[in-house]
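Engineer: Got a sequence here, can you build the structure:
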Amino acid sequence: MEEKMILSTTEKNRNLHRETESNLLEITNVCKTYNSSKTNCTALKNINLNIKQKEFTAIVGKSGCGKSTLLNLIAGIDVPTEGEIHFEGNPIHNLSQDKASIWRGKSVGVVFQFFQLLPTLTILENVIMPMDLCKTYPLKERKTRAYHILEKLNIADQANKLPSELSGGQQQRASIARALANNPKMILADEPTGNLDSKTAEVVHGIFRKLSDDGNTVLMVTHENDIKNIVSRSITLSDGEIVLDTRN
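Structural biologist: Numbers count the residues shown, from 1 in each chain. The predicted model follows:
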């Protein structure tokens, strides 16, 4: 009987180890509070969340529920007031701004609602830029790699145009291409269809679905409940807390 109990405990430990190994992102007891001279605002309360490799996860909820705050913490743009965030087993919650910037450039690709493409650079140059900043690929390979990414997103014919010459949907494709430039471990998307019409938004959702099917880990923040139909997991936030976590 004692031997069976020992085996059972060992097996549990092995299972826990395997689960930890497959977690790309681990968030533990994270809180975020913004302080002002008049009041304190708690944006996130005791967030516990693991994201596995190759998962397509949506964080959904109404405006002001803490979605974008959580994404900023995951991206290393901001730091938690309490708690820990680990990426590939390494702590990122206590990185300095400079180290967080270097880590972010090499490890995650961020897609924004308003594209944030540099207006004076061509689309091709916008995609090359992250490779230049992080020196992730040899100089002679960067242009070819950027062009191939644009090809995959069916926007290579716009490569030499400025962002202002493109439609909103085309600009968002270019933004996604830029996020993929350094072959990130995770793609973070903050309301990527919030500035698009419904037809174009559906196309962009399809791009993220294809990226997930190709083995990329995608984490998307959105207020659109319909996204639950295409993701593998949806997490609902309300008043800074996780109230629902479902897998499809």
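Engineer: Pull out the buried residues from stretch 40-51.
Structural biologist: With burial defined by 16 or more other Cβ atoms under 10 Å, the residues of stretch 40-51 counted as buried are 43-45, 47, 49, 51. No exception for glycine: its C-beta is placed from N, CA and C like everyone else's.
Engineer: Look up phi and psi at residue 119.
Structural biologist: Backbone torsions of residue 119, given as degrees, to the nearest 10, read phi -70, psi -20.
Engineer: ok, now how distant is the residue lying closest to it once chain neighbours are set aside from residue 194?
Structural biologist: On the basis of Cβ to Cβ, 6 or more residues apart in numbering, the spatially nearest residue to residue 119 that is not a chain neighbour turns out to be residue 163, at 5.6 Å. Going from residue 163 to residue 194 by Cβ to Cβ, to the nearest Å gives 17 Å.
Engineer: Double-check the residue nearest to residue 119 against residue 171; I have them as touching.
Structural biologist: Yes: with contacts defined as Cβ atoms under 8 Å, residue 163 counts as touching residue 171 at a distance of 5.6 Å.
Engineer: Would you mind listing the residues touching both of the two?
Structural biologist: 115, 117 (Cβ atoms under 8 Å, 6 or more residues apart in numbering).
Engineer: Neighbour count: those two, which is higher?
Structural biologist: Comparing residue 163 with residue 171 by neighbour count (other Cβ atoms under 10 Å), the higher total belongs to residue 171, at 23 against 20.
Engineer: and the closest residue to residue 112 other than its chain neighbours, what does it touch?
Structural biologist: Ranked by Cβ to Cβ, 6+ apart and with sequence neighbours excluded, the top spatial neighbour of residue 112 is residue 190, at 5.6 Å. Contact partners of residue 190, counting by Cβ under 8 Å, 6+ apart, are 68, 71, 110-113, 221.
Engineer: All the helices of this structure, residue numbers only.
Structural biologist: Remark: helices of the chain, listed N- to C-terminal, are 2-22, 67-74, 97-107, 123-134, 139-152, 168-180, 198-213; assignment by DSSP state H.
Engineer: related to what we said a few turns ago, and which of the buried residues of stretch 40-51 is nearest residue 127?
Structural biologist: residue 51 (25.5 Å; Cβ to Cβ).
Engineer: For the closest residue to residue 56 other than its chain neighbours, list the residues it contacts.
Structural biologist: If the residues on either side of it in the chain are set aside, residue 56 comes closest to residue 212, at 3.7 Å by Cβ to Cβ, 6+ apart. By Cβ under 8 Å, 6+ apart, residue 212 lies in contact with 54-56, 218, 231-232.
Engineer: Which strand residues bridge the residue nearest to the spatial centre of the chain?
Structural biologist: The centre of the chain sits closest to residue 188, judged by Cα atoms, centre = their mean, with a distance of 1.6 Å. Beta-bridge pairing of residue 188 under DSSP bridges involves residue 110, residue 219.
Engineer: ok, it - contacts?
Structural biologist: 71, 74-75, 108-111, 179, 219-221.
Engineer: Touching, residue 134 and residue 104? I think so.
Structural biologist: No: look at residue 134 against residue 104 with Cβ under 8 Å: they stay out of range, at 9.5 Å.
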